[in-house]
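*Asks:* attaching a predicted model along with its sequence, questions to come.
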Amino acid sequence: MKIRLSILSRIFFAVLSISFTSVNAKVQVEKLVCEYRQNPVGIDVFKPRLSWQIVSEEVNVKQTTYEIRVADSPKNLGKNRTLTWSSGKVSSDQSVNVVYEGPALKSMERYYWQVRVWDSSGKVSSWSSPAFWEMGILDPDLWSVSWIAVKSEDETAFSKPCRYFRKEFTTQKKIQSARIYASSLGAYQLYLNGERVSSELLTPGWTSYSKRTQYQTYDVTSMLNEKNAVGAILGDGWYRGTIGRNRRAQTYYYDDKLALIVQLRINYTDGSAEIIGSDQSWKESTGAILESDIYNGEIYDARLEMPGWNVPDFDDRNWENVKIVTQPRDILVAQNSVPIKAIEELKPKAIFMTPKREMVVDMGQNMVGWLRLKFLGKKGDEFKLEFAEVLDKDGNFYRDNFRSAKARISYTKKGDEEEIYEPNFTFFGFRFVKLEGFSNMPAPDQITGVVVHSEMKPTGSFSCSDSLINQLQHNIQWGQKGNFLDVPTDCPQRDERLGWTGDAQVFSMTAAFNFDVSAFYTKWLKDLAVDQLPNGVVPDVVPDVRNGRGGSAAWSDAAVIVPWTMYLAYGDKRILEEQYPSMKAWVEYMKTRAGDGNLWTDDKHYGDWLAFASTSSSYPGATTEKDLIATAYYYYSSKLLSKIADIIGNKADSEKYSTLSERIKKAFSDEFVTPNGRLISHTQTAYSLALSFGLLPEELVPAAAKYLADDVKKMKHLTTGFVGTSLLCASLSDHGYEDLAFMLLNRKEYPSWLYPVTQGATTIWERWDGQKPDGTFQDVGMNSFNHYAYGAIGEWLYNYVAGIRIDHDTSGYKHFILAPHPGGGLTYAKAEYESMYGKIVSDWKMEGDRFVYKVVIPANTTATVIIPVSNERKELGSGSYSFNVVF
């Protein structure tokens with residue numbers, strides 16, 4: 001295609017025109033974060049990492065020097081004040097993950113910090129506004145309180161009521177500051193003088209509790225009075241209940257006894273301090289929450305509420321004394337991740353009667369959380385709610401795919417006035433809710449959908465000229481939100497909701513585009529490492545509630561691939577250092593299974609899970625040989641481990657695993673590749689793995705890519721499962737078959753990404769045909785309608801359609817690539833990504849025969865811009881640029 005130049009006032013290179021407006025704006029330092037969080041309270045990282053963004057309307061802004069200062073108060077950050085630490089002027093362009101190098105940090109102390117920078121012209125910014133971080137409890141011996149529990153429970157009852165705990169105390173002196181450090185075995189809510197101390201939900205989160213139990217830190221300075229009462233409600237959470245029970249062995253993975261630990265530290269203005277916390281003086285009782293279970297939901301009898309139970313002067317004479325229980329304190333770790341919270345609210349789309357005369361609420365969105373309801377009626381009236389994702393073909397309520405999960409609410413009114421209720425220690429994956437016990441159809445203002453997930457900052461957006469593709473992106477993001485509740489789960493609705501490693505692995509880069517998952521995945525990878533078996537096997541699910549079952553290719557490789565993704569997305573070298581023993585142990589396990597032949601064969605694997613299988617006799621199906629998949633991942637993880645070892649300075653291991661990966665590559669080629677580049681396992685997944693991972697001899701790559709393209713042309717649709725789907729379109733695009741990648745994207749019939757969209761999906765489905773064109777459903781044993789794995793296509797939308805790509809030779813978007821790939825009939829596409837350095841924008845549209853492209857490159861970064869058709873490359877610094885070429 002002939003390229004014609006546009007004529008603008010400035011022409012920077014032969015075939016492109018670039019324009020920008022330069023404004024002499026002062027360089028500013030903003031958005032200070034510590035360990036990926038703004039002003040975190042209660043962290044236990046001994047050398048926290050500090051990051052900031054440089055904001056300027058000027059172009060080509062580069063940091064050449066920085067200076068950080070840290071003090072114990074904002075006023076001590078000033079000139080001639082006593083600093084805890086000053087970095088001095090450091091000649092460096094690093095503005096992300098700068099390690100604190102000052103004196104040892106003290107437990108429970110707050111540190112204020114600010115930074116200033118110099119640009120390439122030698123101009124210095126003003127000091128940033130102060131930010132802070134606060135340390136948690138760094139020494140287990142500083143826990144001076146006890147774990148407490150109830151003295152007795154009904155051992156015969158599987159479902160047990162939640163327990164309420166309380167203690168009263170007084171303060172006599174003027175308070176300077178106060179913090180509560182709390183955790184539980186089970187899930188807890190904490191109150192002080194009748195008020196929740198935090199909006200965090202399902203604390204302390206989900207970990208392998210016997211190895212790592214998170215505690216939370218709460219600033220309660222403003223909540224204390226002279227007379228005080230602290231109260232807590234303790235539920236099963238992930239620790240006990242149905243999800244914590246080994247149904248085969250009829251035992252619990254953790255324990256059947258819940259426990260609570262609370263430590264309140266009060267600092268007085270006279271310099272003294274006081275500790276008040278959980279001990280044998282606390283009392284406990286049951287209350288209105290008769291059952292609260294992750295899978296089964298909640299039973300709440302408001303008639304059993306105890307008004308004032310968490311405020312002073314409550315009559316607790318009928319409450320029982322607690323007992324002290326022995327639990328190790330060295331398992332307590334700070335919650336350095338983001339908490340689960342109620343993030344947004346939705347109103348019903350419709351309230352209607354089904355053909356079966358069932359009253360149903362349609363929230364219009366498959367969501368995760370619950371309903372907040374205003375109940376009208378008389379004392380003793382019982383209301384029931386059941387949750388579902390879809391309606392059947394006749395428009396009736398359908399929830400068979402929930403399997404044994406009851407997913408219901410039962411609420412009994414305490415009086416005749418309006419009562420507002422939402423559950424406490426459970427959540428649901430749903431779009432539809434069946435209502436029972438309502439004499440009249442409730443008004444929409446009586447119902448609110450509460451959307452719950454980990455508090456991840458949205459970082460990415462993608463839109464284009466095709467509304468169906470935009471809905472696909474919407475579905476991907478909602479699938480991520482609904483499955484990221486402290487752990488990246490497979491699904492949020494049925495009796496599973498587990499941290500499947502394979503799902504997390506294939507989706508990790510898409511996840512990092514959509515939301516800031518830096519702290520989220522850092523936490524989960526620590527759980528993975530502690531659950532890893534001594535022989536290197538990584539469990540199928542993390543936290544492990546399957547008795548160590550694992551070691552499957554692509555699933556256990558999350559141990560290597562997810563840290564690598566975090567390094568690429570956030571420039572996080574520390575995560576590579578901390579996870580390196582885990583990565584190495586996994587690769588060494590694969591090495592023992594493969595032996596000297598360097599082929600991983602004859603083991604049990606999930607393979608290309610839920611791949612399309614044709615019923616046509618002319619096509620053998622899409623079953624990719626599991627040994628091929630296993631050996632491919634063995635190679636890929638070994639190759640990555642070699643790179644990672646080099647990055648962290650382990651040259652010996654880098655050479656060792658480089659040699660190993662080359663041996664695996666040769667063995668793979670000898671075993672699975674014919675001399676003409678055809679794979680023995682002739683499937684889209686097999687070719688995508690071989691091409692994406694770099695497993696083929698260079699001279700066979702074109703032939704293998706053509707075999708892949710020919711298969712796509714023949715089938716006219718994808719045939720991949722969980723493993724191949726994330727790699728398929730990129731494999732086609734990288735080898736000259738982008739038209740086929742767009743054909744797959746645009747396909748609306750089963751199997752395709754857009755087929756569920758045409759069926760009204762609002763999240764990603766577990767199966768390509770979860771609901772068939774005739775309205776019937778797939779096998780109820782495995783048919784989630786909120787399962788993000790196939791949403792890994794989102795990475796391709798960002799990388800190729802919009803064109804924002806990480807430069808693998810750097811990390812964290814310090815340098816990146818902007819290379820859009822228009823096609824598929826699209827007339828525009830735009831992506832924005834909030835990197836650690838600032839917002840990246842890639843925005844293109846077709847105007848007649850012209851390609852108009854606008855980009856934004858944040859300060860202190862550079863980008864390689866590649867314009868389609870001409871393939872002209874330009875190295876650019878920060879700023880806003882516009883390109884206009886003949887297409």
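*Replies:* In hand now; what should we look at?
*Asks:* rest of the way, CA atoms for contacts and neighbours
*Replies:* OK.
*Asks:* mind listing what's buried in stretch 828-842?
*Replies:* By neighbour count on 16 or more other CA atoms under 10 Å, the buried set for stretch 828-842 is 828-842.
*Asks:* swap that for stretch 750-769, please
*Replies:* Taking 16+ other CA under 10 Å as the criterion, stretch 750-769 shows 750-757, 761-769 as buried.
*Asks:* quick one: residue 383 from residue 421, how far?
*Replies:* Applying CA to CA, to the nearest Å, the value for residue 383 to residue 421 is 11 Å.
*Asks:* those two: which has the busier surroundings?
*Replies:* More crowded of residue 383 and residue 421, by other CA atoms under 10 Å: residue 383, with 18 against 14.
*Asks:* so that one sits right up against residue 410, yeah?
*Replies:* Yes: here residue 383 lies in contact with residue 410, judged by CA atoms under 8 Å, at a distance of 5.8 Å.
*Asks:* excluding chain neighbours, what is closest to residue 639?
*Replies:* In this structure, residue 639 finds its nearest non-sequential neighbour in residue 661, 5.4 Å apart by CA to CA, 6 or more residues apart in numbering.
*Asks:* same thing with residue 530?
*Replies:* residue 211 (6.9 Å).
*Asks:* mind checking pLDDT for that neighbour?
*Replies:* Per-residue pLDDT puts residue 211 at 96.
*Asks:* one more: residue 616?
*Replies:* As predicted, residue 616 sits at a pLDDT of 56.
*Asks:* ok, now residue 255?
*Replies:* 89.
*Asks:* against residue 540, how distant is it?
*Replies:* 21 Å.
*Asks:* hmm, back to that, which residues touch the residue nearest to residue 639?
*Replies:* Shown in contact with residue 661 (CA atoms under 8 Å, 6 or more residues apart in numbering): 635-636, 638-639.
*Asks:* out of the residues you listed, who's the most crowded?
*Replies:* residue 635 (31 neighbours).
*Asks:* mind checking how far that one is from residue 659?
*Replies:* Distance, residue 635 to residue 659, by CA to CA: 11 Å.
*Asks:* check residue 401 too.
*Replies:* 47 Å.
*Asks:* these two - which one has more neighbours?
*Replies:* Remark: of residue 401 and residue 659, residue 401 carries more neighbours, 22 against 15, as counted by other CA under 10 Å.
*Asks:* residues touching the more buried one, list them.
*Replies:* By CA under 8 Å, 6+ apart, residue 401 lies in contact with 494, 779-784.
*Asks:* which SS class is it?
*Replies:* Recorded secondary structure, residue 401: helix (DSSP: H, G, I helix; E, B strand; the rest coil).
*Asks:* now swap in residue 631 and tell me
*Replies:* From three-state DSSP, the assignment for residue 631 is helix.
*Asks:* is it true that it touches residue 663?
*Replies:* No: under the criterion of CA under 8 Å, residue 631 makes no contact with residue 663, lying 11.2 Å away.
*Asks:* buried ones in stretch 678-686?
*Replies:* By 16+ other CA under 10 Å, the buried positions in stretch 678-686 come out as 678-679, 681-686.
*Asks:* list of residues touching stretch 632-640?
*Replies:* By CA under 8 Å, 6+ apart, the list of residues contacting stretch 632-640 reads 553-554, 557, 560-561, 564, 587, 590, 600, 657-658, 660-662, 664-665, 668, 689-690, 693, 695.
*Asks:* out of those, which are inside helices?
*Replies:* Among those, the members falling in helices (DSSP state H) are 560-561, 564, 587, 590, 657-658, 660-662, 664-665, 668, 689-690, 693.
*Asks:* from those residues, which two are the most distant?
*Replies:* Greatest spacing in those, by CA to CA: 564 and 668 (23.2 Å).
*Asks:* quick one: which of those two has more around it?
*Replies:* residue 564 (26 against 23).
*Asks:* how many neighbours does residue 308 have?
*Replies:* 13.
*Asks:* actually, residue 116.
*Replies:* Residue 116, neighbours per other CA under 10 Å, totals 23.
*Asks:* who touches it in this structure?
*Replies:* 29, 66-68, 124-128.
*Asks:* just the element for it, please.
*Replies:* strand 110-119 (DSSP states H and E).
*Asks:* please state the mean pLDDT value computed over that strand.
*Replies:* 98.
*Asks:* partners of the next helix or strand after that strand in the sheet?
*Replies:* Toward the C-terminus, strand 110-119 is succeeded by strand 131-135 as the next helix or strand (DSSP H and E). Sheet partners assigned to strand 131-135 using DSSP bridges are listed as strand 41-43 (parallel), strand 110-119 (antiparallel).
*Asks:* export the ones you listed to CSV and tack on distance to residue 340?
*Replies:* Below are the strands paired with strand 131-135 laid out as CSV (distance: least, CA to CA, whole Å):
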stretch, distance to residue 340
strand 41-43, 16
strand 110-119, 24
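*Asks:* got the domain ranges for this structure?
*Replies:* 28-135, 140-150+158-292+305-335, 343-454, 460-802 (automatic domain parsing).
*Asks:* how far does the first one stretch from start to finish?
*Replies:* Same thing as domain 28-135. 27 Å.
*Asks:* mind checking how far it is from the chain centre?
*Replies:* 27 Å (CA atoms, centre = their mean, to the nearest Å).
*Asks:* in the stretch 701-850 of the chain, which spans are strands?
*Replies:* Using DSSP state E, counting those that start in this stretch, the strands of the stretch 701-850 of the chain run over residues 804-806, 815-818, 828-834, 839-847, 850-857.
*Asks:* now mean pLDDT and distance to residue 323 too, for those, in JSON lines please.
*Replies:* Shown next, in JSON lines, are these (pLDDT from 0 to 100; distance: least, CA to CA, whole Å):
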{"stretch": "strand 804-806", "mean pLDDT": "98", "distance to residue 323": "55"}
{"stretch": "strand 815-818", "mean pLDDT": "99", "distance to residue 323": "58"}
{"stretch": "strand 828-834", "mean pLDDT": "99", "distance to residue 323": "50"}
{"stretch": "strand 839-847", "mean pLDDT": "98", "distance to residue 323": "53"}
{"stretch": "strand 850-857", "mean pLDDT": "98", "distance to residue 323": "59"}
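*Asks:* export these to a markdown table and tack on distance to residue 192?
*Replies:* Converted to a markdown table, those look like this (distance: least, CA to CA, whole Å):
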| stretch | distance to residue 192 |
| --- | --- |
| strand 804-806 | 47 |
| strand 815-818 | 48 |
| strand 828-834 | 37 |
| strand 839-847 | 40 |
| strand 850-857 | 47 |
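*Asks:* for residue 268, find the nearest of those strands.
*Replies:* Among the strands of the stretch 701-850 of the chain, strand 828-834 comes nearest to residue 268, with 41.7 Å by CA to CA.
*Asks:* picking that back up, looking at residue 255 and residue 540, which is more packed in?
*Replies:* Relative neighbour count places residue 540 above the other of residue 255 and residue 540, with 25 against 15, counting by other CA under 10 Å.
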